[in-house]
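> quick one, fold the following:
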Amino acid sequence: MAYTTINKSSDYFNTKLYTGTGSSNAQTGVGFQPDLLWIKQRNSAVNHLLHDSIRGVTKLLVSNSSAGEDTNTNILTSFDSDGFTVGTNSASNGSSDTYAAWNWKANGAGSANTDGDINSTVSANTTAGFSIVKYTGTDVAGATVGHGLGAVPKMIILKRLVGNGYDWVVYHAKDTAGLYLNSTGNNNDSSSNNIWFNGTAPTSSVFSIGTDGRIGDATDFIAYCFAEKTGYSKFGSYTGNGNADGAFVYTGFKPAFVITKLTSAYGEGWILQDNKRSTYNPSDVFLSPSSANADSITTNAHLDFLSNGFKLRHLDNRSNGSGMSYIYMAFAEAPLVGTNNVPCTAR
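Numbers count the residues shown, from 1 in each chain. Alright, predicted model coming up:
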């Protein structure tokens, strides 16, 4: 029995590693023209840089900051048919510096969406369950915004574009409080999703917004929306066991990319791991979306990428504390079994 219609996950998500040159630097081999491009310098403490096809190549956001949208013509110069081109800025292309770039495919520059109370511009890939949504908020609690997925989003990462000091807001179906992407702290307030998302779960066509300035003021916002696709993406939760023989998380695919976040306590940042920076088990190289820090290699982030999920291999509170709760987002290298009935193997 086949688990998914996406046999080649890299048609929709791919990690690209590259070395900077200090001059215009085209990166190929991504496999598609990215619509969301997330770049991080690996060897130095430099900000995470997020660009998307709706806002355009000169507009960037920083995941580890509450700053608003910035404009820079020398960080990213183009989205290309098989990758992207970076300019001369050292944040994305310093000579001999090393970088990771995570790429997602949506549907180009987007089109008008009128599903919600607020009209939006949406670039949606319904096959892969990913959309980029730009909208102008209101101060009306309960207003809805169309996301174009045709399926219920399990995770939404949202940022106010105008003004500084407005946190990234993260909705996750397995978290009831509300999370900040740019911070090690959790809101840990049961009313947060009521304030941010009006206490209303997303539907297959819209998500709801409250009146908090991070999500609902009369200014511009960008949202990255993710729905689960069997064998390709998963947005779930798990409970740590505080043991080196750690918790096992079933995803139904061999992961290419995993982000985890402690939700039951304060003080631990997000952890981002992929199959390109660490090519064998245990995977021990990580970056944190909430920190500008360089690549870290530590036993405190050990996990195994398996053919059907991932398994924690340490006892640190960061991602496997005893009895502690965590959420995750994961994308596949390969489905456990695809429509071609070819099973993937562990690495």
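> for stretch 238-249, list the C-alpha coordinates in PDB.
Listed next in PDB are the C-alpha coordinates belonging to stretch 238-249 (Å, rounded to 0.1, in the frame of the first residue of the first chain):
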ATOM      1  CA  TYR A 238       6.000  14.200  21.700                       C
ATOM      2  CA  THR A 239       6.900  13.800  25.300                       C
ATOM      3  CA  GLY A 240      10.600  13.500  26.300                       C
ATOM      4  CA  ASN A 241      11.900  10.700  28.500                       C
ATOM      5  CA  GLY A 242      15.100  12.200  29.800                       C
ATOM      6  CA  ASN A 243      17.100   9.100  28.500                       C
ATOM      7  CA  ALA A 244      19.900   8.600  26.000                       C
ATOM      8  CA  ASP A 245      17.600   5.900  24.600                       C
ATOM      9  CA  GLY A 246      15.200   8.700  23.800                       C
ATOM     10  CA  ALA A 247      11.700   9.200  22.600                       C
ATOM     11  CA  PHE A 248      10.900   7.900  19.100                       C
ATOM     12  CA  VAL A 249       8.700  10.100  16.900                       C
END
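> which stretches of the stretch 1-150 of the chain have low pLDDT?
1-5 (pLDDT under 70).
> mind running it again at 90?
Applying pLDDT under 90 to the stretch 1-150 of the chain picks out residues 1-7, 138-142.
> for it, what spans make up the strands?
Using DSSP state E, counting those that start in this stretch, the strands found in the stretch 1-150 of the chain span residues 13-19, 25-27, 36-41, 49-52, 59-60, 70-71, 76-80, 83-86, 98-104, 111-113, 120-125, 130-136, 143-146.
> can you list these in JSON lines and add distance to residue 314?
For glycine as for every other residue, the C-beta is placed from the backbone atoms N, C-alpha and C. Converted to JSON lines, these look like this (distance: least, C-beta to C-beta, whole Å):
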{"stretch": "strand 13-19", "distance to residue 314": "23"}
{"stretch": "strand 25-27", "distance to residue 314": "33"}
{"stretch": "strand 36-41", "distance to residue 314": "23"}
{"stretch": "strand 49-52", "distance to residue 314": "29"}
{"stretch": "strand 59-60", "distance to residue 314": "33"}
{"stretch": "strand 70-71", "distance to residue 314": "36"}
{"stretch": "strand 76-80", "distance to residue 314": "35"}
{"stretch": "strand 83-86", "distance to residue 314": "34"}
{"stretch": "strand 98-104", "distance to residue 314": "22"}
{"stretch": "strand 111-113", "distance to residue 314": "43"}
{"stretch": "strand 120-125", "distance to residue 314": "35"}
{"stretch": "strand 130-136", "distance to residue 314": "30"}
{"stretch": "strand 143-146", "distance to residue 314": "39"}
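> right, and the ones you listed - which one's nearest residue 334?
Among these, the nearest to residue 334 by C-beta to C-beta is strand 13-19 (11.8 Å).
> the closest one - contacts with which helices or strands?
For strand 13-19, the packing partners by 3 or more C-beta pairs under 8 Å, 6 or more residues apart in numbering; DSSP states H and E come out as strand 25-27, strand 98-104, strand 253-262.
> thinking again about what came up before, dump the strands of the stretch 1-150 of the chain to a markdown table, plus mean neighbour count.
Putting the strands of the stretch 1-150 of the chain into a markdown table (neighbours: other C-beta atoms under 10 Å) gives the following:
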| stretch | mean neighbour count |
| --- | --- |
| strand 13-19 | 20 |
| strand 25-27 | 18 |
| strand 36-41 | 24 |
| strand 49-52 | 24 |
| strand 59-60 | 21 |
| strand 70-71 | 12 |
| strand 76-80 | 19 |
| strand 83-86 | 23 |
| strand 98-104 | 22 |
| strand 111-113 | 15 |
| strand 120-125 | 23 |
| strand 130-136 | 24 |
| strand 143-146 | 23 |
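> of these, which is nearest residue 183?
Using C-beta to C-beta, those put strand 49-52 closest to residue 183, at 16.0 Å.
> touching that closest one from outside, list them.
35-40, 57, 59-63, 75-76, 91-92, 106, 123, 132, 222, 224 (C-beta atoms under 8 Å, 6 or more residues apart in numbering).
> again, but for stretch 10-17
Residues from elsewhere that reach stretch 10-17, judged by C-beta under 8 Å, 6+ apart: 6, 27, 29-32, 83, 98-105, 125, 127-128, 130, 232-233, 256-257, 274-277, 331-333.
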